[in-house]
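Asks: Generate coordinates for the sequence data below:
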Amino acid sequence: MSLKNDIIDSVRRHAQAECDMPEISLEAVKYADPVSEFVEISRFVGGDAIILKDGENINTLIRTLYPEAVTVASNMPEISISTCNPDAADDPHNLNGIDLAIVKGEIGVAENGCVWIPQNVKLKALYFIAENLVIILDRNRIVNNMHEAYEYIAGTGYGFGVFISGPSKTADIEQALVIGAHGAKSVTVILS
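Replies: From the prediction side, this is the model:
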């Protein structure tokens, strides 16, 4: 008998009786104005959230926010300031050196300022390798809390997706805060 079978048999012998999951009643946080809360929390976690004004050009706004960005990557047709389409890269290493990535977010969460981003690009490394990240999000797709966000994405068959809230940061090394340690140094959410 193999070690694998021994382990499986041991697990079966020690398994306890199955029981149904309990019903959980949860009173999750709700906000009178989820959009305002999202903007405030996004800034609190070190990012930024900007509400696009009626008639304001999104490309002009992004160029104003990131005037020094030379390599701008986006596969979104409405982004005319893009200098490269990240989907043209076959190897994630080829995305190194991108100053600004502009991507589409699917849902925002007011309680923690995060945005759900399903994989809308060929190589998901784009979300983490760019120096700066701009997420375009419909302001009508902001929910109150993570419970609502998970209800929204349940059963969508998204494959890969990630919640991003503010720039990457860590204080592991000698208790010194490092921004951009394993992701973008800045994250701006533009609410359209």
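
Asks: Which strand residues bridge the spatially most central residue of the chain?
Replies: Nearest to the geometric centre of the chain sits I164, at 2.9 Å (Cα atoms, centre = their mean). Legend: beta-bridge partners of I164 under DSSP bridges are V115.

Asks: measure it to V45 for me?
Replies: The gap separating I164 from V45 is 10 Å, by Cβ to Cβ, to the nearest Å. (Glycine included, C-beta is placed from N, CA and C.)

Asks: rewinding a little: identify the residues contacting the residue nearest to the centre of the chain.
Replies: Each residue near I164 by Cβ atoms under 8 Å, 6 or more residues apart in numbering is listed here: C114, V115, I117, Y127, L133, I135, G183, V187.

Asks: my guess is the second one contacts G108, does it?
Replies: What it means is V115. Yes: applying Cβ atoms under 8 Å, one finds V115 in contact with G108, separated by 5.0 Å.

Asks: what sits in contact with each of the two?
Replies: With Cβ under 8 Å, 6+ apart, V115 and G108 have common neighbours L137, V189.

Asks: lowest-confidence helix or strand of this protein?
Replies: Ranked by mean pLDDT, DSSP states H and E, the weakest helix or strand in the chain is strand 178-179, scoring a mean of 70.

Asks: Just after it, pick out the following helix or strand.
Replies: The element immediately downstream of strand 178-179 (helix or strand, assigned by DSSP states H and E) is strand 186-191.

Asks: what's that following strand in contact with?
Replies: Counting by Cβ under 8 Å, 6+ apart, 35, 38-39, 42, 46-52, 58, 61-62, 65, 105, 108, 113, 115, 131-139, 142, 164-167 sit against strand 186-191.

Asks: Could you count how many residues lie near Y127?
Replies: 22 (other Cβ atoms under 10 Å).

Asks: where's it, which helix or strand?
Replies: Assigned by DSSP H and E, Y127 falls within helix 126-129.

Asks: Show me what that helix is packed against.
Replies: Applying 3 or more Cβ pairs under 8 Å, 6 or more residues apart in numbering; DSSP states H and E, we find helix 126-129 packed against strand 100-104.

Asks: can I get the CA coordinates of the strand it packs on in PDB?
Replies: Provided in PDB are the C-alpha atoms of strand 100-104 (Å, rounded to 0.1, in the frame of the first residue of the first chain):
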ATOM      1  CA  LEU A 100       1.600  54.000 -16.200                       C
ATOM      2  CA  ALA A 101      -0.900  51.200 -16.700                       C
ATOM      3  CA  ILE A 102      -4.600  52.100 -17.300                       C
ATOM      4  CA  VAL A 103      -7.000  49.300 -16.600                       C
ATOM      5  CA  LYS A 104     -10.800  48.800 -16.100                       C
END
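
Asks: What about the contacts of strand 186-191, which are in strands?
Replies: Among those, DSSP state E puts 48-51, 108, 115, 132-137, 142, 164 in strands.
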